[in-house]
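In: pasted the sequence and its predicted model underneath.
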Amino acid sequence: MNRRIVVLGGGTAGWMAAAAMTRLLGPAGWQVTLVESSAIPTVGVGEATIPPIRTFHAMLGIEEADFLRATGGSWKLGIRFEGWSGAGSSYVHPFGRPGTDIGGLPFYAQWLRARGAGGAKPLERYWLEARAAEAGRFTHPIANGDSPLSRITHAYHFDAGRYATFLRGYAEAMGATRIEGTVATVEHGPAGIAALLLEDGRRVAGDLLLDCSGFASLLLGKALGVAWVDWSEWLPCDRAVAVASVADEAPLPLTRSIAHGAGWQWRIPLRHRTGNGRVFCSAFLDEDRATQELLASLGGDAIAEPRVLRFATGHRRSFWTGNCVALGLASGFMEPLESTSIHLVQAGIQHLMQHLPGEGAGPVLAEAARARYDRVMTGEFERIRDFLVAHYHLNDRHEPFWRERRAAPPPAGLAEKLALFESGGRLFREADELFNEWSWLAVLTGQGVRPQGHDPVCEAWPLSRVTERLSRIEGVVTASLDHMPTHADALARLDLNPTGAVPCP
């Protein structure tokens, strides 16, 4: 049975892996060692997350308030997309879900029907997270199953560098060992990689190797030669310039995604600073101009030097080869348009734990586990890719970059999903797809897609009853919003309330 896990690379991916493996496998006798060099910088821009990170923290037993204080974190209720359908356009992709089922059908089916007949308001009017995000309000769920306040769904913004440090402290306290060093080469063995050979002559042997070495992919990519699957035909942005600026006085609980002539710009509010970055396609915009445009758009003073990141979109053909599994940037990359970078690390860890062969497992089981892990992770990447491509494909901007994106044929899975929605308002969630029907509804309608028809089963309810129900739902959401404190007040209470709970006033 494997007993020694070696993680190559620190940063968010490496310390997430070390923390999880130590927590879950340490009691069974597994030893976790992480090798990193302080001379090698980490990317450190994965500062916005989505709700599944709360599951990861619950598994580790991490208290939310402790984590937020340590990382300068704030809460997040969704993402606001600005300018994707032209100047002045805006919509929110919120967490959670809008309304309640109507007539035994999902809310969205009856809302689409009513909207088509002119009897419904914009989707966000019925979605508490969307309205709270725009209004700068936040609260944790309350114990009232009949109120939208009981179902509030949130994630976080935080400083990725501080997060790695926080998880390092957690992992080391649980028994993980950190080695400062740089890999010179690897020693191959029957299972794949037997050991890491460091520049100072030390040998770090492992039974399971986790490649968290970032874009370099030193183990899976370079040592084992696993090929790269390129997705630049669908997601051609290949550069980002990032810089921190002074903190917002009243931070909103949302990430901003602001379209520009050759890509988009993020704005992420933390307690101690604001994260900013401009993602772009180098075929349409050069790095110097992108940097100038970013600095000119900050709305406050920069507090660091801009950093340019060069990347390609895609993934390794195999995520698990021999005894080596890649996580994070070493396994693949998609731009952080929907804050999925950290989630893909989490998903890789979760699926690895589900597929890790136990004691006495033979080669047949081990190979079957690797094959299924690759299939599951490939599916994770492909479905997220399709969701990101939808934003570009449905844009209504007029610059050359955007016209090209609109004209480019989408992946087959996305084309099918769009056809089902555009023709009859049908939404389907594939297997364990990360983004559910509500997320697709928010993005598709937010970017102007209006189905030609609706689910005929909806007509079992008279349209007048549907519009009446929609009006009541809107009223309940409005009343709930009035009971929520401001996001700024909720953050201030972190320093006063050791539990981090923020009750309604």
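Out: It's in.
In: tell me which helix or strand comes right after the longest helix along the chain.
Out: Assignment by DSSP state H gives helix 363-393 as the longest helix of the chain. Next helix or strand after helix 363-393 toward the C-terminus (DSSP states H and E): helix 400-407.
In: contacting residues around the next helix or strand after that next one?
Out: Downstream of helix 400-407, the first helix or strand assigned by DSSP H and E is helix 412-424. Here helix 412-424 makes contact (C-beta atoms under 8 Å, 6 or more residues apart in numbering) with 382-383, 386, 389-390, 393, 409-410, 426-428, 430, 440, 444, 449, 451-455. No exception for glycine: its C-beta is placed from N, CA and C like everyone else's.
In: just want the angle from the helix or strand that helix 412-424 is followed by to helix 412-424.
Out: Next helix or strand after helix 412-424 toward the C-terminus (DSSP H and E): helix 437-446. Calculated by axes from the mean of the first three to the mean of the last three C-alpha atoms, to 10 degrees, helix 437-446 forms an angle of 70 degrees with helix 412-424.
In: for the helix or strand following helix 437-446, name the packing helices and strands.
Out: Using DSSP H and E, the helix or strand that follows helix 437-446 in sequence is helix 463-482. On a contact count with 3 or more C-beta pairs under 8 Å, 6 or more residues apart in numbering; DSSP states H and E, helix 463-482 meets helix 107-116, helix 128-135.
In: shouldn't residue 440 be in contact with residue 427?
Out: Yes. With contact defined as C-beta atoms under 8 Å, residue 440 counts as touching residue 427 (5.5 Å).
In: quick one, helices of this protein?
Out: Taking DSSP H, the helices of the chain run over residues 11-25, 53-60, 64-71, 107-116, 128-135, 160-174, 287-296, 341-355, 363-393, 400-407, 412-424, 437-446, 463-482, 487-494.
In: with mean pLDDT, mean neighbour count and distance to residue 320 as extra columns, can I get the ones you listed in TSV?
Out: Listed next are these as TSV, based on pLDDT from 0 to 100; neighbours: other C-beta atoms under 10 Å; distance: least, C-beta to C-beta, whole Å:
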stretch	mean pLDDT	mean neighbour count	distance to residue 320
helix 11-25	97	25	13
helix 53-60	97	16	20
helix 64-71	95	19	29
helix 107-116	96	23	37
helix 128-135	98	25	36
helix 160-174	96	19	22
helix 287-296	97	16	35
helix 341-355	96	21	8
helix 363-393	94	18	5
helix 400-407	98	16	33
helix 412-424	96	15	23
helix 437-446	97	22	28
helix 463-482	96	16	44
helix 487-494	92	19	39
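In: looking at the ones you listed, which is closest to residue 204?
Out: Of all these, the one in closest proximity to residue 204, counting by C-beta to C-beta, is helix 11-25 (13.7 Å).
In: CA atoms of the closest one as CSV?
Out: Presented in CSV, the C-alpha positions along helix 11-25 are these (Å, rounded to 0.1, in the frame of the first residue of the first chain):
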residue,chain,number,x,y,z
GLY,A,11,1.2,27.8,-3.5
THR,A,12,-2.6,27.3,-3.3
ALA,A,13,-2.6,23.9,-5.1
GLY,A,14,0.3,22.4,-3.2
TRP,A,15,-0.9,23.4,0.2
MET,A,16,-4.5,22.5,-0.5
ALA,A,17,-3.3,19.0,-1.5
ALA,A,18,-1.0,18.7,1.5
ALA,A,19,-3.7,19.8,4.0
ALA,A,20,-6.3,17.4,2.6
MET,A,21,-4.0,14.4,2.3
THR,A,22,-2.7,14.9,5.8
ARG,A,23,-6.1,15.3,7.3
LEU,A,24,-7.7,12.3,5.5
LEU,A,25,-4.8,9.9,5.1
